[in-house]
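Engineer: Based on what follows, work out the 3D shape:
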Amino acid sequence: MTILVTGATGTVGRHVVGELVQAGRRVRALTRNPVRADLPAGVEVVAGDLTVTDSLVPALDGVTAVHLITFGGDDYGSLRNGQEIVELAVKAGVRKVTVLGGWDEGTLEPAVRTCDLDWTFLQMTEFMANALQWAEAVRTEGTVREPFADATTAMVHEADIAAVAARALVEEGHAGKTYGLTGPERLSTRDKVRLIGEAIGREIRFVELTEEQAREKMAAEGQPEEMIEFLVNVFGNVPEEPNIVNSTVETVTGRPARTFAQWAAEHAGAFRA
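Structural biologist: So this is what the prediction gives:
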């Protein structure tokens, strides 16, 4: 049984590969740049791009289960070729898929829902790894500048998302389910900065930006206007339902979801000068 992991060098995909290797499964990893993949020994690394349907044909050969993501390309936009990907997977003999969704539903999720594959959808709130965007500023200035200091999210550890995905790929009982994945607590932006400071043993200064200042900062960093609008809308008015803390990670994996304090301790090196 070969399992294909798409987005295998990404924030979650790398962990999915690791979970499956640890479970003793045969893993094929799809990446646009195999030379730089740096994945565990024994993983078959193949070149391919989810946005280029024909590039997936050899990657799907002999595969019975696939971890899919709904976004791709340089801009991480929603896939426009979801129906074609699903048709290829079915033709190749794939029986089971997990689908890690983004903020926007593109063409992949509807195509999966209406096919004959055993599917499991994974929906998360905010990645804990998003905090890495502050690493350079913390290292060089000891400061984080962000708007909406008291907006709270139930951010989830990327390794927990991967653990749920791996269970759904190798176990029965997950077909037709949509798992909303959260961490064990809701934290504000101010809380996250404080916990990173505790992890590195250094107080980090937090400066709250106005919405206008935040827009200017993101524009100066090269963020496109639609992304700026999206981020301001999401964090200025955090959606309630996806951020209700749940126990799904523990139910599926048998262990509690990791805390942000744990994540910060694991990544402390990225924030140290």
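Engineer: Against which helices or strands is the helix or strand that contains residue 178 packed?
Structural biologist: Element membership of residue 178 [criterion: DSSP states H and E] is strand 177-181. Applying 3 or more CB pairs under 8 Å, 6 or more residues apart in numbering; DSSP states H and E, one finds that strand 177-181 contacts strand 118-124, helix 158-170, helix 248-253. Any C-beta I mention is one placed from the backbone N, CA and C, and that applies to glycine too.
Engineer: And the strands in this protein?
Structural biologist: For the chain, strands defined by DSSP state E occupy the ranges 2-5, 26-31, 44-47, 63-69, 71-72, 77-78, 96-100, 118-124, 143-146, 152-153, 177-181, 187-188, 205-208.
Engineer: Need the ones you listed in TSV (columns: distance to residue 110 and mean neighbour count).
Structural biologist: Formatted as TSV, these follow (distance: least, CB to CB, whole Å; neighbours: other CB atoms under 10 Å):
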stretch	distance to residue 110	mean neighbour count
strand 2-5	21	25
strand 26-31	22	24
strand 44-47	27	16
strand 63-69	13	24
strand 71-72	15	22
strand 77-78	11	16
strand 96-100	11	25
strand 118-124	11	21
strand 143-146	35	18
strand 152-153	27	20
strand 177-181	13	17
strand 187-188	33	18
strand 205-208	40	14
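Engineer: ok now do residue 11, which residues does it touch?
Structural biologist: When contacts are counted by CB atoms under 8 Å, 6 or more residues apart in numbering, residue 11 is found next to 127, 129, 158.
Engineer: Closest one of those to residue 147?
Structural biologist: Proximity of these to residue 147 (CB to CB) peaks at residue 127, which lies at 18.7 Å.
Engineer: Dig out what the closest one forms beta bridges with.
Structural biologist: residue 156 (DSSP bridges).
Engineer: The lowest-mean-pLDDT helix or strand in the chain pairs with which strands?
Structural biologist: The weakest-scoring helix or strand in the chain, judged by mean pLDDT, DSSP states H and E, is strand 77-78 (a mean of 82). The pairing partners recorded for strand 77-78 under DSSP bridges are strand 71-72 (antiparallel).
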